[in-house]
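[1] Got a sequence here, can you build the structure:
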Amino acid sequence: MKKTISFTYYLAIAGLFGLTALPALAEETGTDANEGHQAISTADTGAPLPASITTLLDQGLKFHGTFNAPGDIQGYALSYDNEPVAAYIPSTSDHAIIGTLIDPQGNAIMESQLQTLVLGPMLEATWSAFEDTRFISEGNDDASNVVYTLTDPNCPYCNALWKNSRPLIEQGELQLRHVLVGVLSEDSFRKAAAILESNDPTKALETHELNFRDGGIRPVMPSEESRALLTRHAKLMREAGATGTPTSYYRDGEGNVQRINGAVSTDRLHDILGIE
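    Residues are numbered from 1 along each chain as shown. Predicted coordinates:
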């Protein structure tokens, strides 16, 4: 199945450095047409980086490794604001080109290299961070799928995802782990604290979501513990590259962490998680 390649972060980079970029119209096939081009981690690269790449690093990008691209082009796996960015330098030039490399058929290539060097490690780090923090769990511990989701009490899309996840939770197929944040407003922060400080946070979250249209749970003045936890969760959210709520994380059939942006329907959850 084909999927459209997002060009949002390339546009952001283009704006940052005064470049002009057009949205990529290419689509990526299920397999990378250039899987043979090896990705090399940061630890394996001993040679100095080209001046054009170090300039990008000086302006806020991070370097993750290199990979060989077709046509004697050297690829550099970078990130900006926790989003993968590919830069390419032809052997005949010292200039770096930022964008999506496509083949003659219009297919995006080199995406698996970015996944290996940039996005994969970032998502694994996010998963580990969520495992180590306090979350509110819904569903059986032996559920076949675990999903972490960043939930703001005042987010209508979080409420939609909460509703759409009920059938899978009731079937025992899903354990949904809410990492509460209060990023939309001070009221969100206080409602998140109210849920965390209740005698039964899982029940408090359920009651809040069921009464979301009427304002949900009554906000409280956060305790020092709640304030510290919610501040930490906001930091985790930024480090994870999540730009809104809900942002959710799950492991695919191969055990790799993947990200879901926004609310998705019950049927779409079935498809994403591979539930029959």
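[2] helices and strands around the host helix or strand of residue 228, which ones?
    Using DSSP states H and E, the element containing residue 228 is helix 224-239. Contacts defined by 3 or more Cβ pairs under 8 Å, 6 or more residues apart in numbering; DSSP states H and E place helix 224-239 against helix 120-131, strand 174-180, helix 186-196. All C-beta spots, glycine's among them, are computed from the backbone N, C-alpha and C.
[3] 6 Å instead, please
    helix 186-196 (3 or more Cβ pairs under 6 Å, 6 or more residues apart in numbering; DSSP states H and E).
[4] Check what contacts the next helix or strand after the helix it packs on and list those residues.
    If you walk from helix 186-196 toward the C-terminus, the next helix or strand you reach (DSSP H and E) is helix 201-210. Contact with helix 201-210 is made by 136, 159, 162, 195, 198, 216-217, as judged by Cβ atoms under 6 Å, 6 or more residues apart in numbering.
[5] Scan those and report the most crowded one.
    residue 195 (28 neighbours; other Cβ atoms under 10 Å).
[6] quick one: that one from residue 257, how far?
    26 Å (Cβ to Cβ, to the nearest Å).
[7] now the helix holding residue 228: mean pLDDT?
    On average, the pLDDT along helix 224-239 is 96.
[8] Mind listing what's buried along it?
    226, 229-230, 233, 236-237 (16 or more other Cβ atoms under 10 Å).
[9] contacting residues for residue 75?
    67, 69, 88, 110.
[10] So the third one is in contact with residue 73, correct?
    By that I understand residue 88. Yes: the pair residue 88 and residue 73 passes the contact test of Cβ atoms under 6 Å, sitting 5.1 Å apart.
[11] coming back round to it: pull the most distant pair out of the contacts of residue 75.
    Greatest spacing in the contacts of residue 75, by Cβ to Cβ: 67 and 88 (9.9 Å).
[12] Okay, now the unreliable bits of this protein?
    1-46 (pLDDT under 70).
[13] so where do the strands sit in it?
    Remark: strands assigned in the chain by DSSP state E are 3-4, 27-28, 39-41, 62-69, 73-80, 83-90, 97-98, 136-138, 145-151, 174-180, 247-251, 257-261.
[14] Throw the ones you listed into a markdown table and include distance to residue 166, thanks.
    Listed next are the strands of the chain as a markdown table, based on distance: least, Cβ to Cβ, whole Å:
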| stretch | distance to residue 166 |
| --- | --- |
| strand 3-4 | 27 |
| strand 27-28 | 33 |
| strand 39-41 | 40 |
| strand 62-69 | 39 |
| strand 73-80 | 36 |
| strand 83-90 | 32 |
| strand 97-98 | 43 |
| strand 136-138 | 9 |
| strand 145-151 | 13 |
| strand 174-180 | 9 |
| strand 247-251 | 15 |
| strand 257-261 | 17 |
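[15] can I get the CA coordinates of stretch 149-165 in CSV?
    Extracted as CSV, the C-alpha positions of stretch 149-165 are listed here (Å, rounded to 0.1, in the frame of the first residue of the first chain):
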residue,chain,number,x,y,z
THR,A,149,-1.2,8.4,24.0
LEU,A,150,-0.6,12.0,25.0
THR,A,151,-3.9,13.2,26.4
ASP,A,152,-4.9,16.8,27.3
PRO,A,153,-8.2,17.0,29.3
ASN,A,154,-9.5,19.9,27.1
CYS,A,155,-8.7,18.3,23.8
PRO,A,156,-11.8,17.3,21.8
TYR,A,157,-9.7,15.0,19.6
CYS,A,158,-8.4,13.2,22.7
ASN,A,159,-12.0,12.7,23.7
ALA,A,160,-12.9,11.3,20.3
LEU,A,161,-9.9,8.9,20.4
TRP,A,162,-11.0,7.8,23.9
LYS,A,163,-14.5,7.0,22.6
ASN,A,164,-13.2,5.2,19.5
SER,A,165,-10.9,3.0,21.6
